[in-house]
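Asker: Model the structure of this input:
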Amino acid sequence: MNENTTYWMMQGGVRLGPMSFDELVRRIASPSTPVWREGMADWCAAENLPELSGFFRTAAPRPHVNSIYGIPAQPNARPETAWHPPVETTEEAMPPTYLAWSIVAMLVCCIVTGIVALIYSTKVSSRWTAGDYEGARKASSAAQMWIIVTVVCGLIAIPFQVILALL
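Answerer: Modelled structure (predicted):
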């Protein structure tokens with residue numbers, strides 16, 4: 001098309017135009033935005049306009065993974081376009097693992113309950129990366145509880161160890 005060609009587009013149910021090609025490119029919202037130019041019989045999606053075809057390339061499909069084993073939910077999913085609407089994510093942080101605390105409590109206070117705390121501590125990060133967020137929170141809480149039990153057992157055992165050492 002020549003430089004004098006004028007374009008119109010629909011945005012939010014409002015017809016905008018006339019505008020130049022450069023202005024159209026700046027204001028285009030998505031590949032499905034309706035556009036029209038002089039010489040066209042009807043409106044079409046922006047991705048179907050020959051002048052704009054290079055602006056909306058398709059990307060390789062990104063399958064949605066719905067399991068901890070990495071199996072795609074839709075193996076024959078339709079390729080997505082390069083344009084994506086902004087997505088707000090509220091990703092929370094992984095709960096504390098208490099790994100160092102469980103090791104110290106196990107070595108200093110009580111080995112038996114410290115091992116249980118250590119086991120729960122190691123489950124937190126593996127469950128979080130597998131997508132089991134609730135399981136990771138429960139493992140973190142259990143590790144914290146077993147560390148407290150380990151420290152209490154150690155404090156209870158200290159007087160008995162002192163008495164046995166004096167005999």
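
Asker: OK, contacts around S102?
Answerer: 114, 117-118, 120-121, 143, 146-147, 150 (Cβ atoms under 8 Å, 6 or more residues apart in numbering). To be clear about C-beta, it is placed using only N, CA and C from the backbone, and glycine gets the same treatment.

Asker: Where does it sit, in terms of helix or strand?
Answerer: Following DSSP states H and E, one finds S102 within helix 99-108.

Asker: so where is this structure shaky, pLDDT-wise?
Answerer: Within the chain, the ranges that satisfy pLDDT under 70 run 1-2, 56-91.

Asker: Which of the residues in the longest helix seen in it are classified as buried?
Answerer: Counting residues, the longest helix found in the chain (DSSP state H) is helix 133-166. Buried residues in helix 133-166, defined by neighbour count with 16 or more other Cβ atoms under 10 Å: 136-140, 142-144, 146-147, 149-151, 153-154.

Asker: now the helices: where do they sit in the protein?
Answerer: Using DSSP H, helices in the chain cover 21-27, 99-108, 111-129, 133-166.

Asker: Now tabulate those helices in TSV and tack on distance to M10.
Answerer: Shown next, in TSV, are those (distance: least, Cβ to Cβ, whole Å):
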stretch	distance to M10
helix 21-27	11
helix 99-108	56
helix 111-129	44
helix 133-166	41
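
Asker: between the ones you listed, which one is nearest to T33?
Answerer: With Cβ to Cβ as the criterion, T33 lies closest to helix 21-27 of these, at 8.8 Å.

Asker: Now V124: closest residue in space, sequence neighbours ignored.
Answerer: Distances taken as Cβ to Cβ, 6 or more residues apart in numbering put T97 closest to V124, at 4.3 Å, once the chain neighbours are dropped.

Asker: same thing with A105?
Answerer: T150 (4.1 Å).

Asker: Tell me who's in contact with that neighbour.
Answerer: 102, 105-106, 109-110, 113-114, 117.

Asker: Compare those residues and tell me which has the most neighbours.
Answerer: Using other Cβ atoms under 10 Å as the neighbour criterion, A117 leads these with 28 neighbours.
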